[in-house]
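> Requesting a structural model of the entry that follows:
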Amino acid sequence: MSVEISSKLVKQLREKTGAGMMNCKKALQETSCDFDKAIEILRQKGLASADKKSDRQATEGIIHSYIHTGGKIGVLVEVNCETDFVARREEFIDLVKDIAMQIAACPLVHYISIDKIPNSIIQSEERIESGKDDLKNKPQEIKEKILKGRVEKILKTQTLLDQPFIRNSSITINELVKEKISLLGENIKIARFTRFEIGK
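Numbering: from 1, shown residues only. From the prediction side, this is the model:
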């Protein structure tokens, strides 16, 4: 027996996730109207479809400038998509604005992702962490495991894609981008950014 789904609930789920109306309705049916579980299903499916698009070339897009209130912090960011049509869509423009505000709010962020961090920085962090007293008497295998976890945690504080989204801390910037890939049907990449702060 199929569950009766109200159009109001479908609309709420669409607004929350950006997924299509039919997908929202189906997710609600699958979860017997459990709103949180429906979001989880849509995110899982959305992220999966986003991953399939991540190898496609993204050579269109926009460069956006953001000046934080008071004029002490400024950001320039380039975000790419596949077509000029998507670059002009409100959802894409809003995403770019959100990314620019995220960069302004994150003074420790210098890289887009961990794979963009120079080896010299990674090696320096490994040296610092491996020299800490609490690791000295640990067996080598355990020491390496702890070291790897600590260094990864430090590196993630410096990468934009690993930051919790300032408007919704339950997702990262990487997940936010993937949700928009799913919604807009094109690959989206953060190409580069610069953060300016008075006196720095």
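> Give me the distance from stretch 85-98 to the chain's centre.
Put simply, stretch 85-98 sits 15 Å off its chain's centre (CA atoms, centre = their mean, to the nearest Å).
> what ranges do the strands span in the protein?
Chain-ordered strands for the chain, with DSSP state E as the definition, fall at 60-67, 73-81, 164-165, 168-172, 189-197.
> next one: the shortest one to chain centre, how far?
The gap between the average C-alpha position of strand 164-165 and the chain average comes to 7 Å, counting by CA atoms, centre = their mean.
> Partner strands of it, with direction?
Strand 164-165 has its sheet partners listed here by DSSP bridges as strand 168-172 (antiparallel).
> can you tell me the average pLDDT over the partner strand?
Averaged across strand 168-172, pLDDT comes to 93.
> looking at this protein, which helix or strand does the model trust least?
Least confident helix or strand of the chain, by mean pLDDT, DSSP states H and E, is helix 35-53 with a mean of 72.
> Isn't Ile99 up against Val77?
Yes - when contacts are counted by CB atoms under 8 Å, Ile99 is listed as touching Val77 (5.7 Å). Yep, even glycine has a C-beta here, placed from its N, CA and C like the rest.
> Find the residues that touch each one of the two.
Contact criterion CB atoms under 8 Å, 6 or more residues apart in numbering; residues bridging Ile99 and Val77 by contacting each: 64, 190, 193.
> Now do the contacts for the closest residue in space to the last one that isn't next to it in sequence.
Excluding the flanking residues, the one nearest Phe193 by CB to CB, 6 or more residues apart in numbering is Val77, at 4.1 Å. With CB under 8 Å, 6+ apart as the criterion, the residues that contact Val77 are 63-64, 66, 96, 99-100, 103, 190, 192-194.
> ok, which stretches of this structure are helices?
7-17, 21-30, 35-53, 84-87, 90-105, 119-130, 140-156, 173-184 (DSSP state H).
> quick one: which of those helices is nearest Ile73?
Among the helices of the chain, helix 90-105 comes nearest to Ile73, with 5.0 Å by CB to CB.
> Now do that closest one: distance to the chain's middle.
In terms of CA atoms, centre = their mean, the centre of helix 90-105 is found 11 Å from the chain centre.
> Check stretch 30-40 too.
Distance of stretch 30-40 from its chain centroid, counting by CA atoms, centre = their mean, is 23 Å.
> Count the residues that sit near the residue lying closest to Leu76 once chain neighbours are set aside.
Counting by CB to CB, 6+ apart, the nearest residue to Leu76 once its immediate chain neighbours are dropped is Thr194, at 4.9 Å. Counted with other CB atoms under 10 Å, the neighbours of Thr194 add up to 11.
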